[in-house]
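J.: please work out how this folds:
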Amino acid sequence: MKSFVPLQYIPIEDDGYHIQIQATVNSHNVRLVVDSGASRSVLDLNRINRLNGTDQRAVAHIEAQGLGEDIESYLLHCDEIKLLSQRLVDYNVVLVDLTPM
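T.: Numbering: from 1, shown residues only. Next up, the predicted model:
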């Protein structure tokens with residue numbers, strides 16, 4: 001089965017762009033940035049804390065690296081992630097504070 005996901009291009013100053021898609025994570029509508037170089041799916045820790053109303057740092061701390069340095073990150077289990085008609089069920093994501101980016 002083929003699926004088509006509408007992409008939105010967000011300019012980054014004069015240095016390229018991010019590719020964004022609309023999705024649903026645990027029944028919350030979100031915009032996700034597509035990162036073809038990522039080894040895991042990453043969500044913003046602060047955004048998830050606002051959606052869930054709880055501090056997700058208590059979940060599970062994991063070791064992660066980004067741009068050559070260690071990054072404070074946490075593992076979160078998502079019951080469901082939906083991209084249009086596609087569903088990821090019982091899917092783990094990494095939470096990182098994306099504020100500096």
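J.: tell me the helix or strand right after the lowest-mean-pLDDT helix or strand in the chain.
T.: Sorting the helices and strands of the chain by mean pLDDT, DSSP states H and E puts strand 61-66 at the bottom, at a mean of 62. Scanning forward in sequence from strand 61-66 by DSSP states H and E, the next helix or strand is strand 69-83.
J.: sheet partners, orientation included, of that following strand?
T.: When pairs are called by DSSP bridges, strand 69-83 turns out to pair with strand 17-25 (antiparallel), strand 61-66 (antiparallel), strand 86-96 (antiparallel).
J.: for these, give me CSV that also has distance to D35.
T.: Heads up, the C-betas are built off the backbone N, CA and C, glycines and all. CSV is the format used below for the strands paired with strand 69-83 (distance: least, Cβ to Cβ, whole Å):
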stretch, distance to D35
strand 17-25, 8
strand 61-66, 10
strand 86-96, 11
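J.: spatially central, which residue of this structure would that be?
T.: Centrality entry for the chain: nearest residue to the mean C-alpha point is L43, 2.7 Å, by Cα atoms, centre = their mean.
J.: name the nearest residue to that one, ignoring sequence neighbours.
T.: Leaving aside its chain neighbours, L43 sits nearest to V93 (5.1 Å; criterion: Cβ to Cβ, 6 or more residues apart in numbering).
J.: pLDDT weak spots in the chain?
T.: Low-confidence segments of the chain, defined by pLDDT under 70: 1, 54-69, 100-101.
J.: quick one on the thing from earlier: wait, isn't the residue nearest to the centre of the chain in contact with D97?
T.: No - here L43 lies out of contact with D97, judged by Cβ atoms under 8 Å, at a distance of 10.8 Å.
J.: before we move on, back to that, who is the residue nearest to L43 paired with across the strands?
T.: Beta-bridge partners, per DSSP bridges, of V93: L76.
J.: and it, how many neighbours?
T.: Under the neighbour criterion other Cβ atoms under 10 Å, V93 is assigned a count of 18.
J.: that one and S41 touch, don't they?
T.: Yes - between V93 and S41 a contact is recorded at 4.5 Å, counting by Cβ under 8 Å.
J.: quick check: neighbours shared by the two?
T.: Contact criterion Cβ atoms under 8 Å, 6 or more residues apart in numbering; residues shared by V93 and S41: I81.
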